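Q: Dropping the sequence and predicted coords here.
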Amino acid sequence: MTDAPRLTTAPAPSPASQELLEESRVGGSEAARAVNLCLLALSRTARAFTLYDARNQAVGEFLTDLDTKIKRALAVAGGPLDLEVRGYELAWKGDVVYVERERERSLAFRLYRDGVRRLGFLPGLAWEEVLGLVEILSLRYTGVRQQEDDLVTLLSKASFKSISFTAVEGLAEEGQDEESRPEAPAQPLEPPADWDLPLPGLGAPVAVGLRRLAPEALAALAAEAADQSAPSECVDLVLDLLDCLTDERDPLEADDVEPLAFEVRDFLIQEGEFGALRRLVPALERCGAGDLRPQASILARFGGPAPLSRIAQRLRGSGTLPEDLLRYLEAVPGDHLADALALLEAERDATLRAVYTELVASLGHERPRLLTERLASAEGLLARDLFAALSVAAPQQAVEAALQLKDQPDPELQLAVVKVLAGAVDQAPVARAVLALLGASDERVRTAAVAALSASRDSRVFDALARHVQERAHHGLETDEAEALGAVLAGLDPEAAYRLFSDWMHPRTFLQRVVESPSQRLLHWTAVSGLGRLPGEEPEKLLRWFLGRSSGDLHQLCLAALVQRRRDQRQRDGHA
C-alpha cells in the first residue's frame with residue numbers, strides 16, 4: 001500500500017530571486033522524493049530561463065542542479081519514468097510527486113492546460129534533449145499571445161527520442177480529470193425536420209456597388225488591425241477583472257486575477273508599453289487597499305529584480321530610458337535603486353550593464369549616499385559604472401568621490417575622474433588632484449589632465465606644469481603631450497610663458513648650443529607650440545630666429561606655428 005503524500009514547506013526564498021519560489025516538496029518513498037526533486041529542478045530551471053540572460057551564472061547553477069537530479073530520478077526509477085499529468089499535480093506509480101496550486105508557477109497546470117496527459121523520460125536521456133525540454137517549457141511560461149504554439153505542438157516539432165508524451169485534443173473543464181468527464185451520448189441529437197422553416201423572403205435583387213468609407217471609419221478599421229491595439233486591450237481586460245473583485249453578486253478572488261496580471265505585465269514590458277502599464281497602477285492600488293492576506297499585493301510584485309531584468313532586456317542598446325518608464329517606477333512600490341544596483345553588480349553583459357547604469361543614475365538623484373557607499377568598496381567595471389551613474393545623479397558628490405578615486409590604477413576610471421574634476425579645477429584640492437594625474441602611466445589620462453588644467457587661473461598651476469615638462473622631458477614625454485603642454489602654458493599666463501619659452505630656446509651652456517639633446521629637443525617642441533599661440537611681435541621674432549636654427553620635424557612645426565599666427569592675425573584684423 002502506498003504511503004500518503006507528505007507536504008512540507010519549502011525554505012524561504014532569497015530576495016534576489018522572488019519569482020523562483022520553490023513549489024511544495026512531496027513524495028512518500030525515497031524514490032518518489034527523488035522524482036519530486038527532479039521535477040522541482042525542472043520547473044525552477046524553466047522559469048529561470050525567463051528571468052535571466054542565458055550567460056548568467058544563476059542559469060548555469062540551475063542547469064547543473066537539474067542534470068544531477070534528473071539522473072538520480074532515472075536511476076531510482078529503474079526504468080522509464082512515466083508521469084501522469086493532472087490539473088495541478090504530477091503522479092508517478094500512483095504517488096503524487098509534484099503539486100503546485102498557483103497557476104503562474106505550476107508546471108503541471110502548464111502541461112495539463114495545453115493537453116498533455118502523460119510525460120515520460122527514458123533511460124539514457126541525453127542532456128541535449130533535457131535542455132530542449134527546458135527551452136520549450138520556458139516559452140510557455142512567458143506565452144501571452146493566442147497565436148503561439150502550445151506544448152503539444154512544440155514537443156511534436158522537437159521529435160525527442162528519449163522523451164515521450166501523450167496528449168488529448170481540446171481542454172478539459174477546470175478541476176475535471178480525464179476519468180471524471182461525462183461520457184458522450186451514444187446518439188447525436190437530431191433537430192426537427194422543419195426547425196428552419198419557413199424560408200425567409202429574399203426581397204428584390206439589387207445591383208452590387210462600391211461605397212467609399214468615411215475617413216473615420218477607415219481609421220477605426222486600421223486601429224483594430226494594428227499591433228498597437230493589443231496593449232490597450234490587455235490593460236482593459238485586467239481592469240475589467242479587477243472590477244470583478246468587488247462584484248457583490250459574484251466576486252472573483254485575487255488569486256484568479258494575479259496570473260493574468262503578471263502575464264500582461266511581462267507582455268507590456270517586452271513591448272516597451274510603460275505608459276499602458278501605468279494605467280494599471282491606480283486600479284491595483286485600490287485592489288491592494290485593505291488586503292489583509294499575508295502575501296504582498298499584486299502591485300507590490302510589479303517591482304523587484306525580475307521585472308527590472310525584463311526591462312533591461314527590452315531596452316538593451318536603445319539609448320536613453322523612456323520617460324514613461326521612470327514615471328512607472330515612481331508609481332510602483334519597492335526599492336528600485338537597490339534592486340538595480342544588485343543587478344548591475346551581478347551582470348557581465350556590456351549592453352545590459354549600460355541599461356542598469358542609466359537606471360541607477362536616474363533613480364539615484366534622491367539617494368546619492370547609497371551610490372557613494374557602494375563606490376567606496378567597488379573595483380573594476382563596477383567602480384566605472386557606479387562613478388558614471390553618480391556623475392549624472394549627483395555631480396557635487398561625484399567631485400568628492402573623484403578625489404578619492406584618482407589613485408586607482410584603472411585608466412578608464414582615471415579618465416572619468418579627470419572629466420569630472422575638470423569642471424571644478426579652480427578649486428585648489430581639485431587642481432592638485434589633476435596635477436597628480438599628470439604622472440599617470442596612460443598617455444590618454446595625462447593628455448586629459450593637461451586639457452583640464454587649461455581652465456585653471458591659479459599661478460601655482462603654471463609653475464607646476466613648467467616643472468612637469470622639464471622633469472618629463474628626460475623620460476617619457478611624447479611630442480603630442482609636449483605640444484599640448486605648450487598650448488596650455490601659453491593660455492594660463494602669456495607673459496610668464498614667453499619668458500619660460502625664451503629661456504628654453506636660448507641654451508645656457510656652449511655644449512647645449514652645439515648639440516641638441518633629446519630632452520632639450522622636447523623643451524624646444526613645447527616652446528614652439530606655445531609661442532605659436534602667444535600674441536605680439538616678440539614671440540614671432542623668437543620663432544623666426546629659431547626657424548633658421550632648427551631642422552627636421554621641429555623646423556616644420558616652427559613653420560606651421562608661423563603660418564597659424566598669420567592666419568589668426570588676419571582673422572583678428574577682419575573682426576576689428
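A: Yep, that arrived. Residues are numbered from 1 along each chain as shown.
Q: Got the domain ranges for the protein?
A: 15-167, 229-293, 472-576 (automatic domain parsing).
Q: Now do the host helix or strand of Val235: distance to the chain's middle.
A: Following DSSP states H and E, the helix or strand that holds Val235 is helix 229-244. Relative to its parent chain, helix 229-244 has a centroid offset of 28 Å by Cα atoms, centre = their mean, to the nearest Å.
Q: which other helices and strands contact the next helix or strand after it?
A: Counting by DSSP H and E, the next helix or strand C-terminal to helix 229-244 is helix 254-271. Judged by 3 or more Cβ pairs under 8 Å, 6 or more residues apart in numbering; DSSP states H and E, helix 254-271 is in contact with helix 229-244, helix 274-288, helix 305-315. The C-beta positions use only the backbone N, C-alpha and C, and glycine is treated the same way.
Q: Name the residues of the first one that come out as buried.
A: Which is helix 229-244. 230-231, 234-235, 238, 241-242 (16 or more other Cβ atoms under 10 Å).
Q: Counting by contacts, list what it packs against.
A: helix 254-271, helix 274-288.
Q: worst average pLDDT in those?
A: With a mean of 82, helix 274-288 has the lowest mean pLDDT of the helices and strands packed on helix 229-244.
Q: would JSON lines of the domains of the chain with distance to Val206 be doable?
A: Listed next are those as JSON lines, based on distance: least, Cβ to Cβ, whole Å:
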{"stretch": "domain 15-167", "distance to Val206": "38"}
{"stretch": "domain 229-293", "distance to Val206": "35"}
{"stretch": "domain 472-576", "distance to Val206": "83"}
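Q: Could you say which one of the ones you listed comes nearest to Leu299?
A: Among these, the nearest to Leu299 by Cβ to Cβ is domain 229-293 (3.8 Å).
Q: does the nearest residue to Ala376 once chain neighbours are set aside count as helix, strand or coil?
A: The shortest distance from Ala376 to any non-neighbouring residue, by Cβ to Cβ, 6 or more residues apart in numbering, is to Gln404 (7.6 Å). Of the three states, Gln404 takes helix under DSSP: H, G, I helix; E, B strand; the rest coil.
Q: want to try TSV for the buried residues of helix 229-244, with pLDDT and distance to Asp463 as columns?
A: Below are these laid out as TSV (pLDDT from 0 to 100; distance: Cβ to Cβ, whole Å):
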residue	pLDDT	distance to Asp463
Ala230	82	68
Pro231	85	64
Cys234	88	68
Val235	87	67
Val238	87	69
Leu241	85	75
Leu242	83	72
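Q: Would you convert these into a markdown table that also reports distance to Val445?
A: Below are those laid out as a markdown table (distance: Cβ to Cβ, whole Å):
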| residue | distance to Val445 |
| --- | --- |
| Ala230 | 51 |
| Pro231 | 48 |
| Cys234 | 51 |
| Val235 | 51 |
| Val238 | 53 |
| Leu241 | 58 |
| Leu242 | 57 |
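Q: residue ranges with poor pLDDT in this structure?
A: Residues of the chain that meet the criterion pLDDT under 70 lie in 1-27, 54, 140-149, 169-192, 195, 225-228, 288-296, 507-516, 574-576.
Q: Would you mind finding the longest helix in it?
A: Counting by DSSP state H, the longest helix found in the chain is helix 552-575.
Q: which other residues reach that one?
A: Applying Cβ atoms under 8 Å, 6 or more residues apart in numbering, the contact partners of helix 552-575 are 479, 483, 521, 524-525, 528-529, 531-532, 539-540, 543-544, 546-547, 550.
Q: switch the cut-off to 7 Å
A: With Cβ atoms under 7 Å, 6 or more residues apart in numbering as the test, helix 552-575 has contacts from 521, 524-525, 528, 531-532, 540, 543, 546-547, 550.
Q: Could you report the distance from Leu131 to Leu344?
A: Note on Leu131: its distance to Leu344, by Cβ to Cβ, to the nearest Å, is 29 Å.
Q: Looking at those two, which has the bigger crowd around it?
A: Neighbour totals were compared for Leu131 and Leu344, and Leu344 leads with 23 against 15 (other Cβ atoms under 10 Å).
Q: excluding its backbone neighbours, what's nearest that one?
A: With Cβ to Cβ, 6+ apart as the criterion, Leu344 has its nearest non-adjacent residue at 3.9 Å, and that residue is Tyr356.
Q: wait, doesn't the one you found sit right on Ala340?
A: Yes: contact status for Tyr356 versus Ala340: in contact at 5.5 Å, counting by Cβ atoms under 7 Å.
Q: Find the residues that touch each one of the two.
A: With Cβ under 7 Å, 6+ apart, Tyr356 and Ala340 have no common neighbours.
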